[in-house]
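>>> Need a 3D model of the sequence below.
(4 chains)
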There are 2 protein chains.
Amino acid sequence: MDTAAKYNHVDEEAESIVTRKEVAELAGVSEATVSRVMSGVGPIKAETKQRVLEAAQSLNYHPNAIAQSFARRRSGNLGVVLPYVPKVHIFSTYYFSEVLSGIGEQVKEMGYDMLLMFRTPGVESDYMRIFRSQKVDACIILGATDTPGERAELRTMAEAGLPFGLVNQHFSGERFLEIDADHTEGSYSAVKHLIARGYRRIAFLNGSPQYSNSGDRLRGYVQAMREAGLLPGVEAHPADAEAIPPHWYYEGNYSRTSGYKAAAEMVRNRDRIDAVFASNDRMAIGLMQGLREHGIVPGRDIAIVGYDDSDAARVTDPPLTSVAVPFYEMGRLAAEKVLTRAAGGSGADEQEPPVSMKLDTKLVIRQSCER
Amino acid sequence: MDTAAKYNHVDEEAESIVTRKEVAELAGVSEATVSRVMSGVGPIKAETKQRVLEAAQSLNYHPNAIAQSFARRRSGNLGVVLPYVPKVHIFSTYYFSEVLSGIGEQVKEMGYDMLLMFRTPGVESDYMRIFRSQKVDACIILGATDTPGERAELRTMAEAGLPFGLVNQHFSGERFLEIDADHTEGSYSAVKHLIARGYRRIAFLNGSPQYSNSGDRLRGYVQAMREAGLLPGVEAHPADAEAIPPHWYYEGNYSRTSGYKAAAEMVRNRDRIDAVFASNDRMAIGLMQGLREHGIVPGRDIAIVGYDDSDAARVTDPPLTSVAVPFYEMGRLAAEKVLTRAAGGSGADEQEPPVSMKLDTKLVIRQSCER
DNA sequence: TGAGATAATGAACGCGCGTACATAATGGAC
DNA sequence: GTCCATTATGTACGCGCGTTCATTATCTCA
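This is a model prediction of the structure:
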């Protein structure tokens, strides 16, 4: 006997969970019929349907989503794995918020919900558990890094045919579902623009190297500089990184603070720099603030180009030339691909292999490099 | 017979779902014992525990989260209801992204996941369904508006004792769990500051009136103006809104565009305005752009104060004086309160009534109102 | 050594739903 | 009116787990 049911009957009245059984009784049909009416499956006499719907309404019946998920072995959730970055308000970064907006849009359109999961810092094998636990039907991983551990784990998942996708990064040599942007091309065009504007002594402020797009941007920068004869050719220094003299290469972690700090270093090489290409707008903005404090006025004394074309680029002083990345669209696309894949059967066979896409970027010219 | 199982046996090897039954067999114990080991319930002999864990590991067993939720009738999810604003990249707005960051932090700490749910535009009775469907144990509602329909629905939920909370808004006369900021005080101090700086002809650019905080800010503005004798006293015009002459009152919808448009209107009353208090930074920024295009330089020709102290306020030209709101903390607090409430039993009885809190804001002075 | 207490395990059931299969009602052709 | 093909509904089971209750192994203290 359920004693809780006895003594809590006040609650029972207020919010007791109505099940299809009660609806069936009230409507004078079987539970199966209620089920069919609610999910619109199979042929139902119009009058029966009507009775059931009325009964459901009058009892305020709503199918238990968990039980449904359980029975049909589909959660109806798209998992989005976010890196756990304590202290950083992750949604407030342009990249994440745009990607999430795109995912959110697509997810809603396809009738799913969006389950956000923050990675646990120390734990390595996190991804597989997400699928094994069945809380999501598919998942999108943001901010994965290219470490041996993560790479191995992703590969395991790919081999198991699990529907997952990566946004804004790619793992060379793997066949993952990746929606990336062409950051090499984007960086190339940014640096080309500076060169076309007459700048020659162009420094590069890159972000954390564990992200694939940092490497991409490095490649674009070096390529443009080499083509202009501003860096030694491939023969001399095959490796891109080594081709850059230290007074032109700086590294931050994509935070504004790191850009601010880079300014102090650049000041020491002031006479060898007349332009900077920064790997994202936040660093560019920090850099501009830092330079200004050293009496170097961005746009006048030094040209700056950012990356991402975030909202902030529009309101800085001077407005920041930047490279627009279709993050929103990338999120949308990733969600679509991965959910389609999830719906198309769990097996890896007779599935087309996951595609890897690279969307175009676009240079947006403003006043930060117009002297 | 399951033909799929026959022909997909490659997948079956790779990702067949391992259940506790198989673990039990391998470990030579009952399913109940496996269950107890996995969830750490009840006394277990160390050796047995060891055997079970090894078996689980070797089979790569992970309890099915959906089944767990189903059995223990708890989803482990905190629902976050977002307004559906097509075209607007909702995560990219400072308010939402900060609140979400705060919720995310707390949710992780308390071992929950975060289920994002976008409201369906036309549908009214959305909230109740969320609970009835059992997909979430508690929920936080963002961007609710004070319409009769929503108010009624929220009241129904409150009466049912459902654990939900509102962030950054309050419904006067109701006893909901609300985590708000003191926007009246924040606005009051912003306008006071302008007055202290010597400005007298202070216009107010408010946001959409269906949000409670729009009303709050209106109140703060009027109060400060009245105290300085810049608006007629309460005797003359009891209602706050009516006390303001039209050339001082403008209304946008919190978007940058609406701020930009307001600039055009203000220009017509140019000679009667020397400062503007805007209800958020986005509008303030749009306003600044618009004014500039009319040859009015913000900070020099006209003083501007924004609201939210978003990242953008730091990088505008001139940097924007603004009112800082602890959105992150509000999100964290709301999640904590609502989850605690959810864990404390489902009944409405013997629960302390939901609290309504108002956190402090803080004026951050920059150069946009220092002539 | 034995009895009672306690620790450890197993057996069995139900959570609410989807659905395969069995069955009953209905319709149409003759 | 009969027979078969649909259509409409009911019956029964299982999804994987938590959990209660019954049972058995182990320990404690006399």
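>>> What does A:L205 show for phi and psi?
In this entry, A:L205 is assigned phi and psi values of phi -110, psi 100 (degrees, to the nearest 10).
>>> Tell me who's in contact with it.
Shown in contact with A:L205 (C-beta atoms under 8 Å, 6 or more residues apart in numbering or on different chains): A:Y250, A:E251, A:G252, A:G259, A:A262, A:V276, A:F277, A:A278, A:S279, A:M283, A:A284, A:L287. No exception for glycine: its C-beta is placed from N, CA and C like everyone else's.
>>> CSV for the residues you listed, including pLDDT, secondary structure and distance to DNA strand D?
Conversion of the contacts of A:L205 to CSV gives the following (pLDDT from 0 to 100; DSSP: H, G, I helix; E, B strand; the rest coil; distance: C-beta to the nearest atom of the strand, whole Å):
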residue, pLDDT, secondary structure, distance to DNA strand D
A:Y250, 97, strand, 50
A:E251, 97, strand, 45
A:G252, 96, coil, 45
A:G259, 97, helix, 47
A:A262, 97, helix, 50
A:V276, 98, strand, 54
A:F277, 98, strand, 52
A:A278, 98, strand, 49
A:S279, 97, coil, 44
A:M283, 96, helix, 46
A:A284, 97, helix, 49
A:L287, 97, helix, 51
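>>> Now flag whichever of those is closest to DNA strand C.
For these, the closest approach to DNA strand C (C-beta to the nearest atom of the strand) belongs to A:S279, at 48.3 Å.
>>> So that closest one sits against A:Y254, correct?
Yes: using C-beta atoms under 8 Å, A:S279 makes contact with A:Y254 at a distance of 6.9 Å.
>>> more neighbours, the two?
Remark: of A:S279 and A:Y254, A:S279 carries more neighbours, 30 against 22, as counted by other C-beta atoms under 10 Å in any protein chain shown.
>>> nearest residue to that one other than its sequence neighbours?
Excluding its sequence neighbours, the residue lying closest to A:S279 (C-beta to C-beta, 6 or more residues apart in numbering or on different chains) is A:G207, at 4.3 Å.
>>> One more: A:I141?
Take A:I141 and drop its neighbours on the chain: the residue closest to it by C-beta to C-beta, 6+ apart is A:V81, 4.6 Å away.
>>> For the helix or strand harbouring the one you found, give me every contacting residue.
Following DSSP states H and E, one finds A:V81 within strand A:77-82. The set of residues that contact strand A:77-82 without belonging to it, under C-beta under 8 Å, 6+ apart, is A:90, A:96, A:100, A:103, A:107, A:112-119, A:126-127, A:130, A:135-143, A:335, A:338-339, B:104, B:115.
>>> what subset of these is also close to DNA strand C?
Contacts with DNA strand C within these, as defined by C-beta under 7 Å from any atom of the strand: none are present.
>>> Looking at the residues you listed, which are in helices?
When helices are assigned by DSSP state H, the members of these inside them are A:F96, A:L100, A:I103, A:V107, A:Y127, A:I130, A:A335, A:V338, A:L339, B:G104.
>>> now, which of those residues sits nearest B:P86?
B:P86 has its nearest neighbour among the ones in helices among the contacts of strand A:77-82 in A:V107, at 13.7 Å by C-beta to C-beta.
>>> on that earlier part again, could you flag which of the contacts of A:L205 are buried?
The neighbour count (16 or more other C-beta atoms under 10 Å in any protein chain shown) marks A:Y250, A:E251, A:G252, A:G259, A:A262, A:V276, A:F277, A:A278, A:S279, A:M283, A:A284, A:L287 as buried among the contacts of A:L205.
>>> hang on, the fifth one packs against A:M288?
Okay, so that is A:A262. No: in this structure, A:A262 is not within contact of A:M288 by C-beta under 8 Å, at 10.9 Å.
>>> ok, A:P86 to DNA strand C distance?
Taking C-beta to the nearest atom of the strand, to the nearest Å as the criterion, A:P86 is separated from DNA strand C by 37 Å.
>>> May I have the residues that are in contact with that residue?
Applying C-beta under 8 Å, 6+ apart, we find A:P86 in contact with A:P121, B:E105.
>>> Same check on the one 4 residues further on?
With contacts defined as C-beta under 8 Å, 6+ apart, the neighbours of A:I90 are A:L82, A:P83, A:F96, B:S101, B:G104.
>>> Kindly recompute the last result at 10 Å.
Listed by C-beta atoms under 10 Å, 6 or more residues apart in numbering or on different chains, the contact set of A:I90 reads A:82-84, A:96-97, A:100, A:118, A:142-143, B:97, B:100-101, B:104-105.
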